[in-house]
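> Quick one, structure for this:
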Amino acid sequence: MTANPFLDAARVRHDLYADADRITQRTSALARVKTAGPHPATVIADLAATGLRGTVLDIGCGRGTTTLALAERLTPPRLIAFDQSAALLAETERRLAGHTGAKTMRGDFHAIALPNSSVAVAVAAFCLYHSPRPAAVIAEITRCLAPGGLSITVTKSADSYRTLDEAIAASGLDPEATTRPSLYETFHSHNQADIVATCLDVQQVIHHEHRFRFTDADHIAAYAATNPKYQLPYDAGEIARRLRKAVGDGPLDTTSNVTYVVASRR
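Residues are numbered from 1 along each chain as shown. Down below sits the predicted model:
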């Protein structure tokens, strides 16, 4: 069985999230073709607003999109953007300029350098699937939460973007695209609530379907070229040319199910 690259700590650190520009290109390519589904950062900020007043911790903050939404929606006295990527933290820090009380912290989410019971709201969006032991991360989140503190975790279904995988495989660009391990293998929509419940009291489970329409091969290629799941030794232009020749010029519709689990410390 092919090893899951999304669980390889060295590859995650040095290849997947070492360059903020690549993440920007991938998220922008998806945003351009999205046709339905609320923005996760807005949903998270609204859910977080129901929590205690105090320190807010955004685990796996990435480029800081959710962190910025939390800063603007909650204006917390202390906001910590936590990630293992120095490049992404630098981008987050730039975007948070002017928000009093906001800071960045670099580290491993299995061992967060914060005192016990020091966090009012902890968010972990689209990141726990990078752990082979996501329950251990939930235990660490629980340790950091104050009594009554709120946890918000977010992930996607394991079969997200399935039709895109099928198109990449059918084109011959990456014949194994449909059988490669899912990014969401260890922490996905169907096991998330059970994993969170090992340490926390689950209050809400919310599912949102997001829909995307890639209008043509160029749009597909712009996203596929930045997706580490695929093994594509070509630039976006060549990917588009090969897709167009093998499977046509689109459109291609795909979906992604986003699941939010809101829980509190016992």
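
> where do the helices sit along the stretch 101-250 of the chain?
Taking DSSP state H, counting those that start in this stretch as the test, the helices found in the stretch 101-250 of the chain are 134-144, 162-170, 192-196, 217-224, 236-247.

> Need the winner for burial among these.
Mean neighbour counts were compared across the helices of the stretch 101-250 of the chain using mean count of other C-beta atoms under 10 Å; the top stretch is helix 217-224, at a mean of 24. Heads up, the C-betas are built off the backbone N, CA and C, glycines and all.

> Enumerate every residue touching Tyr161.
Tyr161 makes contact with Phe212, Thr254, Thr255, Ser256 under the criterion C-beta atoms under 8 Å, 6 or more residues apart in numbering.

> Most neighbours of all the residues you listed, which one?
Phe212 (24 neighbours; other C-beta atoms under 10 Å).

> which residue sits closest to that one in space, ignoring its chain neighbours?
The shortest distance from Phe212 to any non-neighbouring residue, by C-beta to C-beta, 6 or more residues apart in numbering, is to Val33 (4.7 Å).

> thought the one you found was touching Asp216?
No - between Val33 and Asp216 there is no contact under C-beta atoms under 8 Å: 10.1 Å.

> of the two, who's got more company?
Val33 (19 against 15).

> ok, the more buried one - contacts?
With contacts defined as C-beta under 8 Å, 6+ apart, the neighbours of Val33 are Phe212, Arg213, Phe214, Thr215, His219, Tyr223.

> quick one, strands of the stretch 51-200 of the chain?
55-59, 78-83, 102-106, 119-125, 145-156, 200-214 (DSSP state E, counting those that start in this stretch).

> I'd like those as a markdown table, with mean pLDDT and distance to Leu7 appended.
As requested, the strands of the stretch 51-200 of the chain are exported to a markdown table (pLDDT from 0 to 100; distance: least, C-beta to C-beta, whole Å):
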| stretch | mean pLDDT | distance to Leu7 |
| --- | --- | --- |
| strand 55-59 | 98 | 17 |
| strand 78-83 | 98 | 17 |
| strand 102-106 | 97 | 20 |
| strand 119-125 | 98 | 16 |
| strand 145-156 | 98 | 14 |
| strand 200-214 | 97 | 23 |
